[in-house]
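> When you get a sec, could you give me coordinates for this:
(chains A and B)
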Amino acid sequence: MADPTNQTTVIGPDTRIKGEMSFDNTAQLLGTFEGKISAKGELKVAKGATCAAEVEAGKVTIDGTVNGNMVGRDRVQLSSSAQMRGDLVAAKLVVEEGAVFVGHCTVGPDAAKHAGNKSGSMTESKSGAPSPTTVRPG
Amino acid sequence: MGKQARYRQVQCYHCRSQVEVSPRAMTMTCPRCHKRLQLEDVVVKAAQGLTKLQTCGRILIEKKGSVRADLVEAHEGIEVLGAIRAKVVSGGPVLIGEKAKWHGDCRAPSVRIGDGAKIEGGYFEIASFEQGQAMGLSELPGVYLTEDRTDTTGEDP
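Model prediction:
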């Protein structure tokens, strides 16, 4: 029998969702999502998928495009095809070569705990597309 | 036996012009803006407070090293094993070690972060030159020389 704790919620490639989503285990996004995602488990954003959302999850794996602020309590992984614009707080961050990330970044076990305690602050901070003006060689 | 390259192309971090230099040169004066250029790799072994730390090569901040600066710029990459508090611009990959502490902005084509590394905030722009151009991000230093290198391969200087 299938173990219910290993079940994955799949949002198909031709699906477009607007609103709030929460789940306890694993969800895989193949289509488009707009809104807010909060999860205890793992969120996978597949290649070709688009997620314009505030995301708070235990573990996040990004192969597609994410626009929005993100809190990864355990780990955030940006694979080589990932494109992310938004502020990021994570306990551990893995950025593969070729990945695109534009936004404020805070990494460390304390950072994730802190963000978990007041996750509302992420939503109040800057939008998912901050102005790229801060880094410019002298 | 591999032949050593006859020249190395670098980009001046003052005026952004490209210059051909001997691969063994450690410093030079930019022929256009007449300012001094550091060409060799920089290794930081202790605490350093600076306004700017710039090189056309690589920067390595060792475990016991720390840098506090307004701007840190390396055209071939940066490896941080200690601590850094600066605005960082790198033309090559950035490696943040397992016990490293990072505080500041970063513009680089790629970043590798070790498990346990601490990034205490900063605005990150991680994208290759082409991706960054498409997204309208700030330029990467030294990337033109990479393109020119491939263009001029096999040509006599």
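
> mind listing the strands for chain A?
A:8-11, A:16-23, A:26-29, A:32-39, A:42-45, A:50-62, A:65-67, A:70-78, A:83-85, A:88-90, A:93-95, A:100-107 (DSSP state E).

> Pick the most deeply packed of these.
With neighbours taken as mean count of other CB atoms under 10 Å in any protein chain shown, these reach their highest mean count in strand A:88-90, at a mean of 27. From N, CA and C alone the C-beta is placed, and that goes for glycine too.

> Grab the nearest non-local neighbour of residue B:30.
residue B:12 (4.2 Å; CB to CB, 6 or more residues apart in numbering or on different chains).

> burial count for that neighbour?
19 (other CB atoms under 10 Å in any protein chain shown).

> hang on, isn't it packed against residue B:33?
Yes: look at residue B:12 against residue B:33 with CB atoms under 8 Å: they come within range, at 6.4 Å.

> for chain B, which spans come out with low pLDDT?
B:1-5, B:144-157 (pLDDT under 70).

> ok, now how distant is residue A:71 from chain B?
With distances taken as CB to the nearest CB, to the nearest Å, residue A:71 is found 14 Å from chain B.

> Would you confirm that that residue contacts residue A:111?
No: look at residue A:71 against residue A:111 with CB under 8 Å: they stay out of range, at 9.3 Å.

> Spit out the residues that contact these two alike.
Taking CB atoms under 8 Å, 6 or more residues apart in numbering or on different chains as the contact rule, residue A:71 and residue A:111 both touch A:89-90.

> Enumerate the residues of chain B near chain A.
For chain B, the residues in contact with chain A (CB under 8 Å from any CB of the partner chain) are B:13, B:52, B:70-71, B:73, B:87, B:89, B:93, B:105-107, B:110-113, B:115-128, B:131, B:135-139, B:141.

> so of those residues, which ones are in helices?
Cross-referencing the residues of chain B next to chain A against helices under DSSP state H gives B:131, B:135.

> sorry, back to before: adding mean pLDDT, write the strands of chain A out as CSV.
Converted to CSV, those look like this (pLDDT from 0 to 100):
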stretch, mean pLDDT
strand A:8-11, 90
strand A:16-23, 92
strand A:26-29, 94
strand A:32-39, 94
strand A:42-45, 95
strand A:50-62, 95
strand A:65-67, 96
strand A:70-78, 94
strand A:83-85, 95
strand A:88-90, 94
strand A:93-95, 92
strand A:100-107, 94
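
> Would you tell me which of those strands gets closest to residue B:81?
Proximity to residue B:81 (CB to CB) singles out strand A:100-107 among the strands of chain A, at 15.8 Å.

> Tell me how far residue A:99 lies from residue A:64.
According to CB to CB, to the nearest Å, residue A:99 and residue A:64 sit 11 Å apart.
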